[in-house]
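Visitor: Have a look at this prediction, sequence included:
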Amino acid sequence: MSIKVRYFASLRESIGKESDEIETQDIHTVCQVWSTANPSIPLPINVLAAINMEYVSLQAPVKDGDVVAFFPPVTGG
Amino acid sequence: MIKITETPFNPWNSLEKFQNNLNSIKGKFGACNSFIGFMRDFNDNTEVKAMSLEHYPGMTEKQLEAIVDEAAKQWEILEYLIIHRVGELAPNEPIVLVAIWSSHRGDAFDACRYIMEALKSKAPFWKKETLLNDKQRWVNQNTDGYKNFRNS
């Protein structure tokens, strides 16, 4: 299974990367995408997640080809 | 129409130009309600000299469309215009314009307010401020626009 991971704003700066590509069969949820891509970094409090540009919970299932995004609370407007 | 732009915009010119081209609903709307948000030169008791606005291209537009769709279930929206800046901004520059055209003022007022508040909590934009001493900081979260009403 191939998952693209994207990071935005302060989260991108704090972990020092804007994206990851994960190739594994052992991922079932958004939460596991984070822990696989960032094994030494706990999932930040208040983090928001999206799959293919739609908001999802951290327990949402992922599938091959998904783009999973992690970002902090939004501050536009 | 939804427009995300790196270019500074004049919201009043944008409103006039957009309305002048609303040929399909000419004579149908009795109200246009608009909100314009500007960049301040202060935040959290600190002077701010510049701001950088980041967004998630694609998702931002998708979420704004979903917000408008949700509003249209509750109020009549004949036409709408949302413009939001990204990139580098200076104090006093417009950040966002939300304008709603409806048959009656109630729908225009309420839909505009709803869309603006939803944008603040759901549309993936992020502000980073540059202070007078050149230090930069991310804005952690937006305030609740309904808070003052609730406390009064």
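Guide: Structure's in. What do you need? Residues are numbered from 1 along each chain as shown, chains lettered A, B, ... in the order given.

Visitor: near chain A, which residues of chain B show up?
Guide: Within chain B, the residues that sit near chain A (C-beta under 8 Å from any C-beta of the partner chain) are B:37, B:53-56, B:58-59, B:62-63, B:84, B:95-96, B:116, B:119-128, B:138-142. C-beta coordinates here come from the backbone N, C-alpha and C atoms, glycine included.

Visitor: Show me the shaky parts of chain B.
Guide: Within chain B, the ranges that satisfy pLDDT under 70 run B:148-152.

Visitor: again, 80 this time
Guide: For chain B, the stretches with pLDDT under 80 are B:147-152.

Visitor: the helices in it, which residues?
Guide: Along chain B, counting by DSSP state H, helices occupy B:11-20, B:59-74, B:105-122, B:147-151.

Visitor: Pick the most deeply packed of those helices.
Guide: Stretch with highest mean neighbour count among the helices of chain B: helix B:105-122 (a mean of 19; mean count of other C-beta atoms under 10 Å in any protein chain shown).

Visitor: and B:Pro124, how far is that from B:Val86?
Guide: B:Pro124 sits 11 Å away from B:Val86 when distances are taken as C-beta to C-beta, to the nearest Å.

Visitor: which neighbours do these two share?
Guide: Counting by C-beta atoms under 8 Å, 6 or more residues apart in numbering or on different chains, the contacts common to B:Pro124 and B:Val86 are B:His55.

Visitor: Phi, psi for the residue in chain A positioned nearest to chain B please.
Guide: Closest contact between chain A and chain B, by C-beta to the nearest C-beta, is at A:Gly76 (2.6 Å). For A:Gly76, the backbone dihedrals are phi -80, psi -170 (criterion: degrees, to the nearest 10).

Visitor: How about it: what's its closest non-neighbour residue?
Guide: In space, and not counting its chain neighbours, A:Gly76 is closest to B:Phe125: 2.6 Å by C-beta to C-beta, 6 or more residues apart in numbering or on different chains.

Visitor: In this structure the one you found contacts B:His84, no?
Guide: Yes: under the contact definition of C-beta atoms under 8 Å, B:Phe125 touches B:His84, with a separation of 6.7 Å.

Visitor: OK, now which residue of chain B is nearest to chain A?
Guide: Closest to chain A within chain B is B:Phe125: 2.6 Å, counting by C-beta to the nearest C-beta.

Visitor: got a list of what the nearest residue to B:Pro124 once chain neighbours are set aside touches?
Guide: Of all residues not flanking B:Pro124 in the chain, B:Tyr56 sits nearest, at 4.1 Å (C-beta to C-beta, 6+ apart). If you count contacts by C-beta under 8 Å, 6+ apart, B:Tyr56 has them with A:Arg6, A:Phe8, A:Ala50, A:Met53, A:Ala69, A:Phe71, B:Pro124.

Visitor: which one among those residues gets closest to B:Asp69?
Guide: A:Met53 (14.9 Å; C-beta to C-beta).
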